[in-house]
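Visitor: quick one, structure for this:
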Amino acid sequence: MARIPGVEARQAGWLTRILYWFARRKMVEITGRDTLTEPLTVTAHHPRLLVALGEMEMGQAAARSVPVRLKALAGIKAALEIGCPF
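Guide: Numbering: from 1, shown residues only. Down below sits the predicted model:
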């Protein structure tokens, strides 16, 4: 649980609501659950940082130099190392 409360969709601005929509859609695609991750809602306190993190994530997802399966395996290993469920 974060020490900072996340920004709820009803409190967010239009840009953050759009980013929440994209993030929810991706989470449903990946996990089947319609939820937002806590780091995303906490980062929403600073919209420019939220956009920059989104661009970084999309850039990493679009990278073609490493096979998709290897990227997924590296992500799982990193999450296991730090104890993160995401």
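Visitor: so how far is the longest helix anywhere in the chain off the chain centroid?
Guide: In the chain, assigned by DSSP state H, the helix with the most residues is helix 14-31. Taking Cα atoms, centre = their mean, to the nearest Å, one finds the center of helix 14-31 at 8 Å from the center of the full chain.
Visitor: pLDDT of the helix or strand encompassing residue 73, averaged?
Guide: Using DSSP states H and E, residue 73 maps to helix 68-82. Taken as a whole, helix 68-82 has a mean pLDDT of 89.
Visitor: same deal with stretch 21-29?
Guide: For stretch 21-29, the per-residue pLDDT averages 86.
Visitor: what lies in contact with that stretch?
Guide: The contact list for stretch 21-29 (Cβ atoms under 8 Å, 6 or more residues apart in numbering) reads 33-37, 40, 54. Placement of C-beta: from N, CA and C, glycine included.
Visitor: that older thread, buried residues in the longest helix of the chain?
Guide: Buried residues in helix 14-31, counted by 16 or more other Cβ atoms under 10 Å: 16, 19-20, 23-24, 27.
Visitor: in which helix or strand would I find residue 61?
Guide: helix 47-62.
Visitor: so what touches that helix?
Guide: 13, 15-16, 19, 22, 40, 43-44, 71.
Visitor: let's see 10 Å
Guide: Identification of contacts with helix 47-62 by Cβ atoms under 10 Å, 6 or more residues apart in numbering yields 7, 12-13, 15-16, 19-20, 22-23, 26, 39-44, 46, 66, 68, 71, 75.
Visitor: look up how far residue 71 lies from the residue of the chain most remote from its centre.
Guide: Distance from the C-alpha centroid of the chain, by Cα atoms, centre = their mean, peaks at residue 65 (21.9 Å). From residue 65 across to residue 71, the span is 10 Å (Cβ to Cβ, to the nearest Å).
Visitor: can you check residue 5 too?
Guide: 32 Å.
Visitor: ok, now residue 33?
Guide: Taking Cβ to Cβ, one finds residue 33 at 22 Å from residue 71.
Visitor: before we move on, what about residue 40?
Guide: For residue 40, the distance to residue 71 - Cβ to Cβ - is 20 Å.
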